[in-house]
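Q: Could you look at this predicted model? Sequence included:
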Amino acid sequence: MIGISVGDANGVGPEILLRAYKAGKMTEDFIAIGDFSVLNYCNKLMQLDIPLNKINELSDFRKNSLNIYDLDLLQEDDISIGQLSEKTGFAALKYVEVATQLAINKLISALVTLPVNKEAIRKTNPDFSGHTGYIAAQCETTNYTMMLISDQLIVSHVSTHVSQIEAINNVKQDRIIDVIRLTDAALKKIGKRARIAVAGLNPHAGENNAFGEEDSKEISPAVKKTKDEGMDVTGPVPADTVFYQAIKGNFDAVVCMYHDQGHIPIKLLAFESAVNVTLGLPIVRTSVDHGTAFDIAYQGIASTESFVNAFNLARKLIPAD
């Protein structure tokens with residue numbers, strides 16, 4: 001059983017879930033975790049006529065219906081389509097919390113998250129920086145990373161939602177080694193050869209310390225250590241060429257030093273189809289790789305491709321036992 005947190009009620013999450021289900025793009029072994037009232041409202045507004053089943057226990061699951069594990073946090077009057085809302089932000093984070101606990105307790109086999117709005121959540125949780133760190137904290141995990149997967153390119157990250165100054169300070173040998181190891185394991189799990197390129201931090205990967213010493217002092221030793229462990233690792237590779245080499249087939253993934261270094265090429269190549277996977281957790285968690293898209297919510301035009309890909313990848317990653 002897969003659990004799907006439905007995201008911010010004012011964004012595209014509810015409609016993406018309903019439209020993907022209506023189009024027959026999902027197997028039925030899932031529950032939606034959120035508010036029945038929200039999905040019922042979206043279902044009526046968009047005239048989808050999907051049979052919905054409100055459940056409070058997993059034993060209430062009904063076949064041939066979209067089953068909603070109802071948290072009863074929002075009512076129809078709380079929905080303001082396309083608007084920033086403290087109330088829907090709070091509810092969206094609660095959906096994630098409950099879904100994560102269900103996964104930790106093995107009541108669901110995987111978690112797929114639909115988009116939340118960070119600004120809305122920070123109205124009640126000022127320290128919130130994103131799904132990934134929040135879920136990792138719930139799992140009491142410190143060694144984790146974000147991987148973005150598309151047909152053309154796979155990237156993982158040494159750091160993500162931090163300032164650029166902090167990102168540079170996070171380029172440390174031990175952290176890079178951890179991310180390479182997580183990346184290697186994930187690639188092998190999804191059937192890749194695990195040929196990993198490690199992107200340089202500075203222009204031309206530092207060009208022999210002409211443009212900074214981080215590449216030689218932190219990245220190169222990490223590459224050597226993991227190569228000595230038997231991994232197929234190359235780097236540091238200048239960031240202005242590494243993604244070209246990867247999409248040409250020379251590498252299966254690129255370990256990136258900071259958020260935009262990895263996100264920009266992925267979003268350029270696969271904005272509507274890429275999937276976000278959290279590596280290093282004791283649970284399976286995938287996500288869409290896009291935001292709440294308030295500007296197009298409930299209009300029936302938001303792409304369901306990233307969500308469907310995330311759902312299918314979650315099913316693939318569930319351990320066989």
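A: Happy to help now that I have it.
Q: Could you use CA atoms for every contact and neighbour count after this?
A: Noted.
Q: And the strands in the stretch 151-300 of the chain?
A: 154-157, 195-199, 232-237, 253-256, 275-279, 285-288 (DSSP state E, counting those that start in this stretch).
Q: Alpha carbons of the fourth one, as PDB, please.
A: Listed in PDB are the C-alpha atoms of strand 253-256, where the atom choice follows Å, rounded to 0.1, in the frame of the first residue of the first chain:
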ATOM      1  CA  ALA A 253      24.400  10.300 -12.400                       C
ATOM      2  CA  VAL A 254      26.000  13.500 -11.300                       C
ATOM      3  CA  VAL A 255      26.700  14.400  -7.700                       C
ATOM      4  CA  CYS A 256      26.100  18.100  -7.400                       C
END
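Q: tell me which strands and helices it is in contact with?
A: strand 154-157, helix 173-189, strand 195-199, helix 239-247 (3 or more CA pairs under 8 Å, 6 or more residues apart in numbering; DSSP states H and E).
Q: Between strand 195-199 and the second one, find me the angle.
A: An angle of 150 degrees separates the directions of helix 173-189 and strand 195-199 when computed by axes from the mean of the first three to the mean of the last three CA atoms, to 10 degrees.
Q: can the strands of the stretch 151-300 of the chain go into JSON lines with extra columns for mean neighbour count, distance to F90 and mean pLDDT?
A: As requested, the strands of the stretch 151-300 of the chain are exported to JSON lines (neighbours: other CA atoms under 10 Å; distance: least, CA to CA, whole Å; pLDDT from 0 to 100):
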{"stretch": "strand 154-157", "mean neighbour count": "27", "distance to F90": "27", "mean pLDDT": "98"}
{"stretch": "strand 195-199", "mean neighbour count": "26", "distance to F90": "37", "mean pLDDT": "98"}
{"stretch": "strand 232-237", "mean neighbour count": "21", "distance to F90": "41", "mean pLDDT": "98"}
{"stretch": "strand 253-256", "mean neighbour count": "28", "distance to F90": "31", "mean pLDDT": "98"}
{"stretch": "strand 275-279", "mean neighbour count": "25", "distance to F90": "22", "mean pLDDT": "95"}
{"stretch": "strand 285-288", "mean neighbour count": "28", "distance to F90": "19", "mean pLDDT": "96"}
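Q: which stretches of the protein aren't confidently modelled?
A: When the per-residue scores of the chain are filtered using pLDDT under 70, the ranges that remain are 321.
Q: can you point me to the longest helix in it?
A: helix 86-104 (DSSP state H).
Q: which is the next helix or strand following that helix?
A: In the C-terminal direction, the helix or strand that comes right after helix 86-104 (DSSP states H and E) is strand 110-113.
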